[in-house]
Every structure is written in structure tokens, then in C-alpha cells.
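Asks: Got a sequence here, can you model it:
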Amino acid sequence: MHNDIDNDLLRTFLTIVETGSFSRAADVLHKTQAALSLQIKRLESDLGVKLLERSTKGVYPTEAGSNLKPYAIESLKLSDTIKSVIEGKKISTVIRVGLLEDIALGALPHVMQRFIKSNPNVKIEIIVSDSQSMSKMLKDRQLDIVIADRNHVEAKPSFCWQEKLVWICAQDYQVPEQGSIPVIAFGKNCPWQEQAFNALNSMNTPWEIILNSSNLSAINSAVEAGIGISFGLHYSVMRSNLRVLGATDGFADIEPVELGIYVTDRSNISDQLGKIFEIVCSELIDSRNFKPVPIRLCTHNPSD
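Replies: Below you'll find the model as predicted:
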């Protein structure tokens, strides 16, 4: 007798594939990485095939995993529909939002949560991933709104802006007067790290990497503990317990990055998409003192 496939296992599998990381998936699902690993092993055991491969660049599906993915999506959609019908509720509109981890640590998720409370028939799913992965998910219509690095998304943004990268340290951190500056780095997969290192090199001050991590929360925790300095988006640092190092501390400015908001073309939920788009833009503008600009929803057609 065959075991039925547990939808919770399918949800874990999809989240890992979409985020490309067990650690990011653990943050999204509010579970430990160990628990997710056990769930994947159970799913692979039930199906008798290997579903995921790990590499230095992240986690990606095997051929069997790629074949499973569309069926897993449909299975979860059907499950949600059944629950809504049985419970006598109106089926919610689902809007899928992709965010960089730096943006996800800011106030934006809380702003969207307030929108959900006043719009109970709308469900927002937030996926935290890197820009290149979200670009593909946007093209495949797996995401409705994406906030990502403009240089790594193959689409035209509906709204874009420059974001400051700043040096960060603990509140009571003292830059060493002698020896090398200890730097906490993001590893090889961070697209902004080279420009940060270029700024360090321009200072003619010795520095060394003392810790590498691909997890932003872990890096911020290490910085907050006073282990060393790092860098991040000014948007996320503003709401943290970290201090910004600037010219008065002897640090050179880092070249800013250009971010964009991308919206897919889903006419059946255009009203809700428009509302979310306006909320996102308003939060970004208000938190940065941008000059007020007219905001117009320009959807992206993947066939363009």
C-alpha cells in the first residue's frame, strides 16, 4: 500500500526550491533547518527518489524534483480551495511577494500585514530569496511583486531607486587604531560585496575577513556582538541596533545599489495588486524622504 503524500512536506519542498536555501526556507516557515531536513528525507523516502541537491551556490531540485514541482503547486492550491469551500469562506486572493533578505528585515512585511488585517480575503505569501532566483520566478509567474537588484532582474521595473550601502558596527564598537580592521563578509554569492571591498581598499587601511556567512541575520548578530564590521542596506540598518560608520570614522562611502519593484501581469487580481504596489512604494518613499512622485502600476508581461 502506498503512503499518501503529506501537503506539509510538499510545502517545505517548494519553499526550499523557491528560496534556494534551507536557512531561508526555515525563516519563511518558522521551523529549524534540522526539521526541514527531516521532512525532505521523509518525502524522498515516500517517493523513493532524491529531490534536492546541495552545492556551494545553494540548493536546487534534481530532475525528479523539477518534475514534482508543478504537481506540488497544484496539490497545495487544491488543498487551500477545499478548506475554503468546507469552511464556507470566500476563496482568498493570493499575492506572492518576493523580497531580498535585506528588505525583509525592514518594516515592509509589517506594513503588508496591516493591509491583510483590513483585507481578510487577500492572502500575501512572502518569499525571501536572491535577485537572480526571483527574476526567474517572476518570469515563470510564480511571484506577483518582486523587490530586487535591478542589475540582476531580466524585466523592466515599475519603480526604481538608489539605495545606500553603509558600513555597520555595534553601538559601542571601537575601530582598532592598529592592526587590521576585522570584516564580516557574505561569501562569494553577494553581488554587492565587491563594491564594499573596493571602498575598503580605497582607504589604504589594512583589513581582513574574519567570518563568512550567507545569512544576513547571523551577520548582523555577529556585528552586534562586536566581532567586527560589515555592510548593509541603510533601509534595514535604520531599524536595527547597529551603528553606521561614515566619513567621520574614516570610512569611505560604498557605491550605492539600484533596486526596483517588478509587478507581473495578472489581470484577475489587478485591483489588489495595485493596492499592494501603492503600499510598498509609499513605505519606501516615506522611509527615505524621496520627493513625492506619481505612482503608476506598470505590469510586466513575461513574454516581453
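Asks: Could you list the residues in contact with stretch 27-42?
Replies: Contact with stretch 27-42 is made by 6, 8-9, 11-13, 15-16, 19, 22-23, 25-26, 51-52, 126-128, 217, as judged by Cβ atoms under 8 Å, 6 or more residues apart in numbering. (C-beta placed from N, C-alpha, C; glycine too.)
Asks: what are the ranges of the helices in the protein?
Replies: 7-19, 22-29, 33-47, 63-86, 101-104, 108-118, 131-139, 193-202, 216-224, 234-237, 270-288 (DSSP state H).
Asks: just for the stretch 51-200 of the chain, where's the confidence low?
Replies: Residues of the stretch 51-200 of the chain meeting the criterion pLDDT under 70: 57, 81, 83-92, 106-107, 110, 114, 117-118.
Asks: hmm, try it at 80
Replies: Applying pLDDT under 80 to the stretch 51-200 of the chain picks out residues 55-58, 77, 79-93, 104-122, 187-189.
Asks: what about the nearest residue to residue 133 once chain neighbours are set aside, distance to residue 121?
Replies: Leaving out its chain neighbours, the residue that sits closest to residue 133 by Cβ to Cβ, 6 or more residues apart in numbering is residue 20, at 5.2 Å. Distance of residue 20 to residue 121, computed by Cβ to Cβ, to the nearest Å: 31 Å.
Asks: ok, these two, which is more surrounded?
Replies: Comparing residue 20 with residue 121 by neighbour count (other Cβ atoms under 10 Å), the higher total belongs to residue 20, at 19 against 11.
Asks: residues contacting that one?
Replies: Each residue near residue 20 by Cβ under 8 Å, 6+ apart is listed here: 58-60, 129-130, 133.
Asks: Going by distance to residue 111, which of these wins?
Replies: Nearest to residue 111 among these: residue 129, at 19.8 Å, using Cβ to Cβ.
Asks: got a list of contacts for stretch 212-219?
Replies: Contacts to stretch 212-219, defined as Cβ under 8 Å, 6+ apart, come from residues 21, 23, 27, 101-102, 105, 184-187, 189, 211, 222, 230, 232, 236.
Asks: now do stretch 271-280
Replies: Contacts to stretch 271-280, defined as Cβ under 8 Å, 6+ apart, come from residues 93, 95, 97, 108, 111-112, 115, 119, 122, 124, 144-145, 147, 158-159, 261, 263, 266, 295, 297, 299.
Asks: Could you list the buried residues of it?
Replies: In terms of neighbour count (16 or more other Cβ atoms under 10 Å), stretch 271-280 has its buried residues at 272-273, 275-277, 280.
Asks: Run the chain-centre distance for it.
Replies: Put simply, stretch 271-280 sits 19 Å off its chain's centre (Cα atoms, centre = their mean, to the nearest Å).
Asks: Mean confidence (pLDDT) on it, please.
Replies: For stretch 271-280, mean pLDDT is 76.
Asks: I'm done for today, thanks for sticking with me.
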